[in-house]
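Trainee: The following comprises the amino acid sequence and a computationally predicted model.
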Protein chains: 2
Amino acid sequence: MTITAAIVGYGNLGRSAEKLIKATEDFELFGIFSRRDNLDTQTPVYPVADAAQYADQVDVLLLCLGSATDIPEQATGFAEHFTTVDTYDNHSKVPEHYQKMNAAAESSGHLSIISTGWDPGLFSMNRVLGQALFPQPVQNTFWGKGLSQGHSDAVRRVEGVKRGVQYTVPREDAIAEARAGGGEDIVATEAHARVCYIVADETDHDRIREEIVNMPAYFAPYQTTVNFISEEEFERDHLGMPHGGHVITTGDLGGSQQSVEFTLELESNPDFTAAAMVAFARAAARLAEAGETGARSVLEIPLYLLSTQDHDTLLAREV
Amino acid sequence: MTITAAIVGYGNLGRSAEKLIKATEDFELFGIFSRRDNLDTQTPVYPVADAAQYADQVDVLLLCLGSATDIPEQATGFAEHFTTVDTYDNHSKVPEHYQKMNAAAESSGHLSIISTGWDPGLFSMNRVLGQALFPQPVQNTFWGKGLSQGHSDAVRRVEGVKRGVQYTVPREDAIAEARAGGGEDIVATEAHARVCYIVADETDHDRIREEIVNMPAYFAPYQTTVNFISEEEFERDHLGMPHGGHVITTGDLGGSQQSVEFTLELESNPDFTAAAMVAFARAAARLAEAGETGARSVLEIPLYLLSTQDHDTLLAREV
């Protein structure tokens, strides 16, 4: 079965999804739906306003849209016409998003898998798996080393900052403590450091550093380091979007201590988010093909549906 | 819902399962089915020959039986009367086991989840997940540091060996190479070392070492170290059953390198195998309650079914 996918949205995630779908054998890319008509791509581009008229030609639509406003405003509209996957990442509003997508997808007879990235997404799956294994699980999630978009935006709003990025870095001692079973005593603000790289005039350095390290909520509770670098160094070392992290669960099983860990080390956050999305798009297309409708979380998808191979082949090779 | 579980078999795994079920809030332990009537336990013990007559009182039966002969000979008989979980670990015969259990469980209206330990089991799940994320995945499984029962049995068969254990130890340089994306060049015999601890008379040491390191298949292709220790040191340091390992998958996503890793560090292999088994027993009881029948692999079980919490609660807390 070749799965015909389309993409809506052409930011970092949309471009990563485009690249990956083209490289994935069991997928073909129908096109990109966009409000813009001047995208720099070889892929066919269609006006997003006309998307519904192509619905019959698309097995699954990847909603590569922002979680702040686009997904809440637009996702249900797409679910009325398409099988969809999204990477909605506003953790506290996932239940609400699930309910809205479920209503839209059920009433129109489509299927939607929500929040399919890595956190939420693969990390959620591993949090649930880890906790299911122990009567009294102790669990920590660590993020990084990784570029934080929100914190990078915050440092760039400080006056005098010409260019700036912020990396979240988990403390190695905290990770070691979690692995050894001491995770209950770890608080997130102490477990992560924040490291900034800033391009600015030298006369502004001291003031900028003070403003950043004292910024409430964003930086004040954290161990924050501010490095000033040249424009050249910034261009050379800080244009990537690395990320990753660890979900560590430990538990005592009546005298024996056990540690379960899921780790991601990602050179490109959007590329990997797209990879998770494409795997769940495969599952979504299969479930839709089987006649299933409504919303699904990643916790509801059996893993064999993510694979290019069928269950019999997986049983013989991977189990 | 309180799940009433029973155990058949009272070796290491059965004892670990007993201990864990008693510590797990949503389970209660009905009893242990055994051929023996003198088990050292407070749990009610019933003759295994009479098991079927208690089937109505048991939601799920944990088959804590050996994979060499007990599971192939007895598992389908239990599936005719009970919802079951097992930890069948003969990888090459998993498809055959699945088919036999499926036939037995379907015809009798029961449900059986097979091969629920950690390898096969949690490692199988992570192999499938890791491979689903990349167009050209590179994947390695490393085992250990861990006690190998089969290899320990083999060293104990060497003449003059009074006591002996064998640990499989993955090479750190091979793990690092896999994480960095170089896993294709790693062969399992080069990626693991074998370390033995032996109690024997000193006059036998040289001969025993030679026999072990040259044992075909078991040791000859591996870097093997044989340490001779005192009875006291053996008693102090080598009666545990630690194990663990890594499933490492890397892939290129069009210019970015990504690494996905699942790691277990286990002080007690049977305790953790029982933990996986109990989590899947929870899923099995729920699926049976919902009227599902037949065999299931771990790849067919949505993760939320493993949890003590319901899907709505998980969505709100973990996703």
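Mentor: That came in fine, so what should we check first?

Trainee: Phi first, then psi, for the residue in the stretch 1-150 of chain A positioned nearest to chain B.
Mentor: Closest approach of the stretch 1-150 of chain A to chain B (Cβ to the nearest Cβ) occurs at A:A132, with a separation of 3.8 Å. C-beta here means a position set from N, CA and C on the backbone, and glycine is covered the same way. Taking degrees, to the nearest 10, you get phi -70, psi -10 for the backbone angles of A:A132.

Trainee: Kindly provide the distance from it to B:Y46.
Mentor: Using Cβ to Cβ, to the nearest Å, we find A:A132 at a distance of 29 Å from B:Y46.

Trainee: for A:F82, same thing?
Mentor: 55 Å.

Trainee: Compare the two (neighbour count), which wins?
Mentor: A:F82 (28 against 17; other Cβ atoms under 10 Å in any protein chain shown).

Trainee: Would you agree the more buried one falls within a strand?
Mentor: No - the assignment for A:F82 (DSSP: H, G, I helix; E, B strand; the rest coil) gives coil, which keeps it out of a strand.

Trainee: quick one, what contacts it?
Mentor: A:A6, A:A51, A:A55, A:V58, A:V60, A:L61, A:H110 (Cβ atoms under 8 Å, 6 or more residues apart in numbering or on different chains).

Trainee: Mind telling me what element the first one is part of?
Mentor: When elements are assigned from DSSP states H and E, A:A6 belongs to strand A:3-8.

Trainee: And the very next helix or strand once past that strand, what's buried?
Mentor: For strand A:3-8, the succeeding helix or strand toward the C-terminus, using DSSP H and E, is helix A:12-23. Judged by neighbour count (16 or more other Cβ atoms under 10 Å in any protein chain shown), helix A:12-23 contains these buried residues: A:N12, A:L13, A:G14, A:R15, A:S16, A:A17, A:E18, A:K19, A:L20, A:I21.

Trainee: And helix A:12-23, what does it pack against?
Mentor: strand A:3-8, strand A:27-34, strand A:60-63, helix A:269-289 (3 or more Cβ pairs under 8 Å, 6 or more residues apart in numbering or on different chains; DSSP states H and E).

Trainee: Deepest in the core, which of these is it.
Mentor: strand A:60-63 (a mean of 29; mean count of other Cβ atoms under 10 Å in any protein chain shown).

Trainee: pLDDT on that strand, on average?
Mentor: For strand A:60-63, the mean pLDDT works out to 98.

Trainee: Report the strands that pair with that strand, each with its relative direction.
Mentor: strand A:3-8 (parallel), strand A:84-86 (parallel) (DSSP bridges).

Trainee: Mind listing what's buried along the next helix-or-strand element following it?
Mentor: Once strand A:60-63 ends, the next helix or strand along the chain (criterion: DSSP H and E) is helix A:70-79. Neighbour counts using 16+ other Cβ under 10 Å place A:D70, A:I71, A:P72, A:Q74, A:A75, A:T76, A:F78, A:A79 of helix A:70-79 among the buried residues.

Trainee: From A:D86, how far out is the third one?
Mentor: Per Cβ to Cβ, A:P72 is found 11 Å from A:D86.

Trainee: residues of stretch A:155-169 that come out buried?
Mentor: Going by 16+ other Cβ under 10 Å, stretch A:155-169 has these buried residues: A:V155, A:V158, A:V161, A:R163, A:G164, A:V165, A:Q166, A:Y167, A:T168, A:V169.

Trainee: re the thing from before, skipping adjacent residues, who's closest to the residue of the stretch 1-150 of chain A closest to chain B in space?
Mentor: B:L306 (3.8 Å; Cβ to Cβ, 6 or more residues apart in numbering or on different chains).

Trainee: Can you report how many residues lie near the one you found?
Mentor: Counted with other Cβ under 10 Å, B:L306 comes out at 22.

Trainee: Could you check stretch A:166-180 and say which residues are buried?
Mentor: A:Q166, A:Y167, A:T168, A:V169, A:P170, A:R171, A:A174, A:I175, A:E177, A:A178, A:R179.

Trainee: Could you dump those residues into TSV with pLDDT, secondary structure and distance to A:S115 added?
Mentor: Formatted as TSV, those follow (pLDDT from 0 to 100; DSSP: H, G, I helix; E, B strand; the rest coil; distance: Cβ to Cβ, whole Å):
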residue	pLDDT	secondary structure	distance to A:S115
A:Q166	97	strand	24
A:Y167	97	strand	24
A:T168	96	strand	20
A:V169	96	strand	25
A:P170	96	strand	22
A:R171	95	coil	28
A:A174	95	helix	26
A:I175	97	helix	25
A:E177	96	helix	29
A:A178	97	helix	24
A:R179	97	helix	27
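
Trainee: out of the residues you listed, who's near chain B?
Mentor: When Cβ under 8 Å from any Cβ of the partner chain is applied, the members of the buried residues of stretch A:166-180 adjacent to chain B are A:R179.

Trainee: so which of the buried residues of stretch A:166-180 comes closest to chain B?
Mentor: A:R179 (7.1 Å).

Trainee: State the distance from that closest one to A:F280.
Mentor: Taking Cβ to Cβ, one finds A:R179 at 29 Å from A:F280.

Trainee: and what of A:G146?
Mentor: From A:G146 to A:F280 the distance is 21 Å (Cβ to Cβ).

Trainee: quick one on the thing from earlier: quick check: angle from the strand holding A:A6 to helix A:269-289?
Mentor: 130 degrees (axes from the mean of the first three to the mean of the last three Cα atoms, to 10 degrees).

Trainee: show me what contacts the residue positioned nearest the centre of chain A?
Mentor: Centroid check for chain A by Cα atoms, centre = their mean gives A:G117 as the closest residue, at 3.6 Å. Counting by Cβ under 8 Å, 6+ apart, A:G117 makes contact with A:T87, A:D89, A:T273, A:A276, A:M277.

Trainee: Kindly recompute the last result at 6 Å.
Mentor: By Cβ atoms under 6 Å, 6 or more residues apart in numbering or on different chains, A:G117 lies in contact with A:T87, A:T273, A:A276.

Trainee: could I get the buried residues of helix A:12-23 as JSON lines with distance to A:A284 and pLDDT?
Mentor: Compiled in JSON lines, the buried residues of helix A:12-23 are given as follows (distance: Cβ to Cβ, whole Å; pLDDT from 0 to 100):
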{"residue": "A:N12", "distance to A:A284": "22", "pLDDT": "96"}
{"residue": "A:L13", "distance to A:A284": "17", "pLDDT": "97"}
{"residue": "A:G14", "distance to A:A284": "17", "pLDDT": "98"}
{"residue": "A:R15", "distance to A:A284": "21", "pLDDT": "98"}
{"residue": "A:S16", "distance to A:A284": "18", "pLDDT": "98"}
{"residue": "A:A17", "distance to A:A284": "14", "pLDDT": "98"}
{"residue": "A:E18", "distance to A:A284": "18", "pLDDT": "98"}
{"residue": "A:K19", "distance to A:A284": "20", "pLDDT": "98"}
{"residue": "A:L20", "distance to A:A284": "15", "pLDDT": "98"}
{"residue": "A:I21", "distance to A:A284": "14", "pLDDT": "98"}
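
Trainee: which non-adjacent residue is nearest A:R15?
Mentor: Going by Cβ to Cβ, 6+ apart, A:R15 has A:P270 as its nearest residue, at 7.4 Å.

Trainee: Can you tell me the SS state at A:E211?
Mentor: Relying on three-state DSSP, one would call A:E211 helix.

Trainee: and it, what does it touch?
Mentor: Taking Cβ under 6 Å, 6+ apart, one finds A:V158 in contact with A:E211.

Trainee: Could you list the residues of the stretch 101-250 of chain A in contact with chain B?
Mentor: A:S115, A:P120, A:S124, A:M125, A:R127, A:V128, A:L129, A:A132, A:L133, A:P135 (Cβ under 6 Å from any Cβ of the partner chain).
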